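> Okay, sequence plus prediction incoming.
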Amino acid sequence: MSESKVKVKRVLFFDSGVGGLSVLNAVRQINPSIESYYLFDNECFPYGDKSEQFIVDRVDSLLESACHKFDLSAIVVACNTASTVALPELRDNIKIPIVGVVPAIKPAAKLSKNKIVGLLATPGTISRKYTQDLIENFASDCQIIKVGNANLAVIAEKRLSTGIVDTKAILKIVEPFLNKDETKRPDTVVLGCTHYPFVKDILTNLLPNVRLVDSGEAIGRRVKDVIKDASFIYTNEKQDRVFYTGNLKNIDDRLTMVRTFGFRQLEKFELLN
Ligand code: DGL
(Lines give C-alpha, C1' and ligand atoms only; values in the text may rest on other atoms or scores of the structure.)
Protein backbone atom coordinates (compact mmCIF):
# COMPACT_ATOMS: atom_id res chain seq x y z
CA MET A 1 0.00 0.00 0.00
CA SER A 2 1.41 3.40 -1.01
CA GLU A 3 2.75 5.60 1.80
CA SER A 4 0.51 8.52 0.81
CA LYS A 5 -2.76 6.63 1.38
CA VAL A 6 -4.80 7.05 4.55
CA LYS A 7 -6.90 4.23 5.97
CA VAL A 8 -10.45 4.84 7.10
CA LYS A 9 -13.55 2.98 8.20
CA ARG A 10 -16.08 4.25 5.67
CA VAL A 11 -19.75 4.06 6.62
CA LEU A 12 -22.55 4.70 4.15
CA PHE A 13 -25.74 6.12 5.66
CA PHE A 14 -28.92 5.72 3.63
CA ASP A 15 -32.33 7.37 3.96
CA SER A 16 -35.15 8.50 1.70
CA GLY A 17 -34.37 12.08 2.65
CA VAL A 18 -32.23 14.08 5.03
CA GLY A 19 -33.71 12.55 8.21
CA GLY A 20 -30.90 10.01 8.40
CA LEU A 21 -28.57 12.90 9.20
CA SER A 22 -29.96 12.69 12.75
CA VAL A 23 -28.56 9.14 12.88
CA LEU A 24 -25.29 10.24 11.31
CA ASN A 25 -24.94 12.87 14.06
CA ALA A 26 -25.48 10.30 16.78
CA VAL A 27 -23.13 7.77 15.16
CA ARG A 28 -20.37 10.34 14.73
CA GLN A 29 -20.54 11.25 18.42
CA ILE A 30 -19.57 7.71 19.35
CA ASN A 31 -17.39 7.03 16.28
CA PRO A 32 -15.69 10.37 15.53
CA SER A 33 -13.05 8.94 13.21
CA ILE A 34 -15.33 7.32 10.61
CA GLU A 35 -15.52 8.63 7.08
CA SER A 36 -19.23 9.21 6.32
CA TYR A 37 -20.93 8.79 3.00
CA TYR A 38 -24.61 9.81 2.96
CA LEU A 39 -27.01 8.75 0.20
CA PHE A 40 -30.61 9.97 0.10
CA ASP A 41 -33.31 8.91 -2.32
CA ASN A 42 -34.66 12.35 -3.08
CA GLU A 43 -36.28 11.05 -6.27
CA CYS A 44 -38.66 8.77 -4.34
CA PHE A 45 -39.03 10.74 -1.08
CA PRO A 46 -41.18 10.22 0.95
CA TYR A 47 -41.20 6.46 1.52
CA GLY A 48 -43.84 6.69 4.31
CA ASP A 49 -46.85 5.55 2.30
CA LYS A 50 -45.15 3.55 -0.47
CA SER A 51 -45.74 -0.20 -0.87
CA GLU A 52 -43.44 -2.67 0.87
CA GLN A 53 -42.38 -4.27 -2.43
CA PHE A 54 -41.50 -0.91 -3.93
CA ILE A 55 -39.31 -0.02 -0.94
CA VAL A 56 -37.54 -3.39 -0.86
CA ASP A 57 -36.72 -3.26 -4.60
CA ARG A 58 -35.73 0.39 -4.60
CA VAL A 59 -33.48 0.28 -1.54
CA ASP A 60 -31.88 -2.95 -2.68
CA SER A 61 -31.00 -1.56 -6.10
CA LEU A 62 -29.67 1.69 -4.66
CA LEU A 63 -27.50 -0.02 -2.06
CA GLU A 64 -26.24 -2.67 -4.48
CA SER A 65 -25.28 0.16 -6.85
CA ALA A 66 -23.56 1.98 -3.99
CA CYS A 67 -21.54 -1.15 -3.17
CA HIS A 68 -20.35 -1.37 -6.77
CA LYS A 69 -19.35 2.28 -6.87
CA PHE A 70 -17.70 2.59 -3.46
CA ASP A 71 -15.57 0.57 -1.09
CA LEU A 72 -17.49 0.52 2.17
CA SER A 73 -16.83 -0.82 5.67
CA ALA A 74 -20.50 -0.83 6.71
CA ILE A 75 -23.94 0.49 5.79
CA VAL A 76 -26.50 2.09 8.10
CA VAL A 77 -30.05 2.01 6.77
CA ALA A 78 -30.96 5.21 8.62
CA CYS A 79 -34.64 4.86 7.81
CA ASN A 80 -37.23 3.01 9.89
CA THR A 81 -39.63 2.75 6.95
CA ALA A 82 -37.00 0.88 4.93
CA SER A 83 -35.33 -1.09 7.75
CA THR A 84 -38.60 -2.57 9.06
CA VAL A 85 -39.19 -4.27 5.70
CA ALA A 86 -35.99 -4.49 3.64
CA LEU A 87 -33.24 -5.75 5.96
CA PRO A 88 -33.54 -9.51 5.21
CA GLU A 89 -33.29 -8.98 1.45
CA LEU A 90 -30.46 -6.46 1.81
CA ARG A 91 -28.47 -8.82 4.02
CA ASP A 92 -28.99 -11.64 1.52
CA ASN A 93 -27.68 -9.57 -1.38
CA ILE A 94 -25.00 -7.38 0.18
CA LYS A 95 -22.07 -8.92 1.93
CA ILE A 96 -20.84 -6.03 4.05
CA PRO A 97 -22.30 -5.42 7.53
CA ILE A 98 -25.66 -3.62 7.54
CA VAL A 99 -27.06 -1.85 10.59
CA GLY A 100 -30.79 -1.14 10.53
CA VAL A 101 -32.69 1.59 12.37
CA VAL A 102 -36.01 0.48 13.87
CA PRO A 103 -38.37 2.13 16.39
CA ALA A 104 -36.97 2.27 19.95
CA ILE A 105 -39.95 0.42 21.43
CA LYS A 106 -37.92 -1.71 23.84
CA PRO A 107 -36.17 1.17 25.65
CA ALA A 108 -39.37 3.25 25.62
CA ALA A 109 -41.35 0.46 27.29
CA LYS A 110 -38.64 0.19 29.97
CA LEU A 111 -38.59 3.95 30.57
CA SER A 112 -42.35 4.43 30.72
CA LYS A 113 -43.76 4.76 34.24
CA ASN A 114 -47.46 4.81 33.41
CA LYS A 115 -47.02 2.08 30.75
CA ILE A 116 -48.68 4.17 28.07
CA VAL A 117 -46.29 4.56 25.15
CA GLY A 118 -46.84 6.59 21.99
CA LEU A 119 -45.40 5.47 18.67
CA LEU A 120 -45.01 8.24 16.11
CA ALA A 121 -43.86 6.94 12.71
CA THR A 122 -44.73 6.75 9.04
CA PRO A 123 -47.85 4.75 8.06
CA GLY A 124 -45.50 2.14 6.59
CA THR A 125 -43.55 1.63 9.80
CA ILE A 126 -46.72 1.58 11.90
CA SER A 127 -48.27 -1.18 9.78
CA ARG A 128 -45.23 -3.46 9.54
CA LYS A 129 -45.19 -6.94 11.04
CA TYR A 130 -41.69 -6.12 12.29
CA THR A 131 -43.09 -3.28 14.39
CA GLN A 132 -45.94 -5.43 15.69
CA ASP A 133 -43.40 -8.08 16.72
CA LEU A 134 -41.32 -5.46 18.57
CA ILE A 135 -44.43 -4.43 20.50
CA GLU A 136 -45.39 -8.02 21.32
CA ASN A 137 -41.87 -9.01 22.36
CA PHE A 138 -40.80 -5.94 24.32
CA ALA A 139 -43.85 -3.87 25.25
CA SER A 140 -46.59 -6.37 25.98
CA ASP A 141 -47.11 -4.70 29.37
CA CYS A 142 -47.80 -1.33 27.74
CA GLN A 143 -50.71 0.30 26.00
CA ILE A 144 -49.33 1.55 22.67
CA ILE A 145 -50.93 4.59 21.03
CA LYS A 146 -49.86 4.52 17.38
CA VAL A 147 -49.84 7.59 15.17
CA GLY A 148 -48.87 6.92 11.56
CA ASN A 149 -48.40 10.01 9.46
CA ALA A 150 -46.74 10.48 6.08
CA ASN A 151 -46.52 14.27 6.30
CA LEU A 152 -44.41 14.79 9.41
CA ALA A 153 -41.28 13.57 7.61
CA VAL A 154 -42.08 16.02 4.81
CA ILE A 155 -42.47 18.85 7.34
CA ALA A 156 -39.13 17.95 8.96
CA GLU A 157 -37.42 17.63 5.57
CA LYS A 158 -38.67 21.10 4.64
CA ARG A 159 -37.51 22.58 7.92
CA LEU A 160 -34.04 21.21 7.51
CA SER A 161 -33.82 22.41 3.92
CA THR A 162 -35.47 25.84 4.22
CA GLY A 163 -35.85 26.64 7.92
CA ILE A 164 -39.65 26.87 7.53
CA VAL A 165 -41.73 24.75 9.90
CA ASP A 166 -45.49 24.26 10.14
CA THR A 167 -46.10 23.99 13.89
CA LYS A 168 -49.92 23.95 13.54
CA ALA A 169 -49.75 20.92 11.26
CA ILE A 170 -47.51 19.16 13.79
CA LEU A 171 -50.00 19.89 16.58
CA LYS A 172 -52.78 18.23 14.56
CA ILE A 173 -50.59 15.18 13.97
CA VAL A 174 -49.79 14.64 17.67
CA GLU A 175 -53.34 15.33 18.91
CA PRO A 176 -54.02 11.60 19.59
CA PHE A 177 -51.36 11.81 22.35
CA LEU A 178 -53.16 14.74 24.01
CA ASN A 179 -56.12 13.04 25.67
CA LYS A 180 -58.13 15.53 27.79
CA ASP A 181 -57.69 13.16 30.70
CA GLU A 182 -53.98 13.58 31.41
CA THR A 183 -53.73 10.20 33.12
CA LYS A 184 -54.49 8.57 29.76
CA ARG A 185 -51.68 10.33 27.90
CA PRO A 186 -48.41 8.54 27.08
CA ASP A 187 -45.50 9.57 29.30
CA THR A 188 -43.08 8.32 26.63
CA VAL A 189 -43.27 8.68 22.84
CA VAL A 190 -41.05 6.80 20.37
CA LEU A 191 -39.79 8.91 17.47
CA GLY A 192 -40.01 6.06 14.97
CA CYS A 193 -38.75 8.00 11.97
CA THR A 194 -35.27 9.43 11.59
CA HIS A 195 -36.64 12.77 10.40
CA TYR A 196 -38.37 13.53 13.69
CA PRO A 197 -35.34 14.50 15.81
CA PHE A 198 -35.19 17.56 13.54
CA VAL A 199 -38.54 18.75 14.97
CA LYS A 200 -37.86 17.50 18.49
CA ASP A 201 -37.90 21.00 19.99
CA ILE A 202 -41.41 21.55 18.63
CA LEU A 203 -42.62 18.14 19.76
CA THR A 204 -41.21 18.84 23.22
CA ASN A 205 -43.25 22.06 23.40
CA LEU A 206 -46.42 20.40 22.14
CA LEU A 207 -46.05 17.34 24.39
CA PRO A 208 -45.03 18.70 27.79
CA ASN A 209 -43.80 16.16 30.36
CA VAL A 210 -43.42 13.50 27.67
CA ARG A 211 -40.10 11.73 27.20
CA LEU A 212 -39.19 11.48 23.50
CA VAL A 213 -37.08 8.45 22.63
CA ASP A 214 -35.17 7.85 19.41
CA SER A 215 -32.73 5.16 18.26
CA GLY A 216 -29.70 7.40 17.56
CA GLU A 217 -27.45 6.57 20.49
CA ALA A 218 -28.12 2.82 20.30
CA ILE A 219 -27.20 2.89 16.61
CA GLY A 220 -23.98 4.73 17.44
CA ARG A 221 -23.01 1.92 19.81
CA ARG A 222 -24.02 -0.75 17.31
CA VAL A 223 -21.90 0.83 14.57
CA LYS A 224 -18.92 0.95 16.93
CA ASP A 225 -19.29 -2.75 17.48
CA VAL A 226 -19.75 -3.60 13.82
CA ILE A 227 -16.87 -1.56 12.43
CA LYS A 228 -14.39 -2.96 14.94
CA ASP A 229 -13.89 -5.97 12.65
CA ALA A 230 -14.90 -4.35 9.34
CA SER A 231 -12.29 -3.78 6.66
CA PHE A 232 -10.27 -0.59 6.39
CA ILE A 233 -10.55 1.38 3.17
CA TYR A 234 -7.41 2.97 1.72
CA THR A 235 -7.97 6.40 0.21
CA ASN A 236 -6.02 9.49 -0.84
CA GLU A 237 -7.79 11.80 1.54
CA LYS A 238 -10.43 11.29 4.21
CA GLN A 239 -13.49 13.07 2.85
CA ASP A 240 -17.17 12.87 3.83
CA ARG A 241 -19.47 12.85 0.79
CA VAL A 242 -23.20 13.25 0.22
CA PHE A 243 -25.19 11.89 -2.75
CA TYR A 244 -28.78 12.37 -3.93
CA THR A 245 -31.02 10.76 -6.54
CA GLY A 246 -33.29 12.62 -8.97
CA ASN A 247 -33.47 16.39 -9.22
CA LEU A 248 -32.89 18.46 -6.16
CA LYS A 249 -34.97 21.59 -5.58
CA ASN A 250 -33.54 24.42 -3.43
CA ILE A 251 -30.08 23.13 -4.18
CA ASP A 252 -28.34 26.17 -2.68
CA ASP A 253 -30.27 25.85 0.60
CA ARG A 254 -29.56 22.12 0.66
CA LEU A 255 -25.88 22.74 0.11
CA THR A 256 -25.75 25.26 2.94
CA MET A 257 -27.48 22.71 5.17
CA VAL A 258 -25.26 19.73 4.34
CA ARG A 259 -22.18 21.88 4.89
CA THR A 260 -23.24 22.26 8.53
CA PHE A 261 -22.78 18.46 8.70
CA GLY A 262 -19.24 18.70 7.30
CA PHE A 263 -19.96 17.85 3.66
CA ARG A 264 -18.37 19.95 0.91
CA GLN A 265 -20.74 19.44 -2.00
CA LEU A 266 -23.82 17.54 -3.19
CA GLU A 267 -23.16 14.84 -5.78
CA LYS A 268 -25.75 13.23 -8.02
CA PHE A 269 -26.06 9.45 -7.67
CA GLU A 270 -26.99 7.30 -10.68
CA LEU A 271 -28.37 3.77 -10.33
CA LEU A 272 -26.37 1.05 -12.08
CA ASN A 273 -28.52 -1.23 -14.23
N1 DGL B 1 -36.72 8.87 7.57
C2 DGL B 1 -37.58 7.80 7.23
C3 DGL B 1 -37.85 6.90 8.43
O4 DGL B 1 -37.06 6.81 9.35
C5 DGL B 1 -38.86 8.01 6.50
C6 DGL B 1 -39.24 9.26 5.84
C7 DGL B 1 -40.13 9.01 4.63
O8 DGL B 1 -39.54 8.82 3.57
O9 DGL B 1 -41.34 8.96 4.77
O10 DGL B 1 -38.84 6.23 8.48
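Thanks, I have the structure now.
> Need the mean per-residue confidence for the host helix or strand of Ile170.
Taking DSSP states H and E as the criterion, Ile170 maps to helix 167-174. When pLDDT is averaged along helix 167-174, the result is 98.
> just checking, Lys238 touches Ile34?
No - Lys238 is not in contact with Ile34 according to CB atoms under 8 Å; the separation is 9.4 Å. Just so you know, the C-beta spots here come from the backbone N, C-alpha and C atoms, and that holds for glycine as well.
> Return every residue with contacts to both of those two.
Val8 (CB atoms under 8 Å, 6 or more residues apart in numbering).
> Show me which residues of the stretch 101-250 of the chain are close to the ligand?
Thr122, Thr125, Ala153, Cys193, Thr194, His195 (CB under 6 Å from any ligand atom).
> Can you tell me which of these has the most neighbours?
Within these, Thr194 tops the neighbour count with 34 neighbours, counted by other CB atoms under 10 Å.
> Please list all residues in contact with Tyr38.
12-15, 20-21, 24, 240-243, 258, 261, 263.
> How about the contacts made by Ser173?
You called it Ser, but residue 173 is Ile. So Ile173 contacts Leu120, Val147, Asn149, Asn151, Leu152 (CB under 8 Å, 6+ apart).
> Just want the phi and psi numbers for the third one.
Dihedral pair for Asn149: phi -140, psi 130, per degrees, to the nearest 10.
> ok, and the closest non-adjacent residue to it?
Sequence neighbours aside, Ile173 is the residue nearest to Asn149 in space, at 4.9 Å (criterion: CB to CB, 6 or more residues apart in numbering).
> quick revisit: restricted to buried residues, select the contacts of Tyr38 in ChimeraX.
This is how ChimeraX selects the buried members of the contacts of Tyr38, with burial counted by 16 or more other CB atoms under 10 Å:
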select :12,13,14,15,20,21,24,240,241,242,243,258,263
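> mind listing which of the contacts of Tyr38 are in helices?
In this view, the contacts of Tyr38 that belong to helices under DSSP state H are Leu21, Leu24, Val258.
> Include distance to Lys50 when you put those residues into CSV, please.
Converted to CSV, these look like this (distance: CB to CB, whole Å):
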residue, distance to Lys50
Leu21, 21
Leu24, 23
Val258, 24
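> so which of those residues comes closest to the ligand?
Leu21 (9.8 Å; CB to the nearest ligand atom).
> Show the average pLDDT along the helix or strand harbouring Leu255.
Using DSSP H and E, Leu255 maps to helix 251-259. For helix 251-259, mean pLDDT is 94.
> cool, stretch 91-98 as well?
On average, stretch 91-98 scores 97.
> With stretch 47-57 instead?
For stretch 47-57, the per-residue pLDDT averages 97.
> and if you look at stretch 228-243?
On average, stretch 228-243 scores 94.
> buried stuff in it?
Buried, per 16+ other CB under 10 Å, within stretch 228-243: Ala230, Ile233, Asp240, Arg241, Val242, Phe243.
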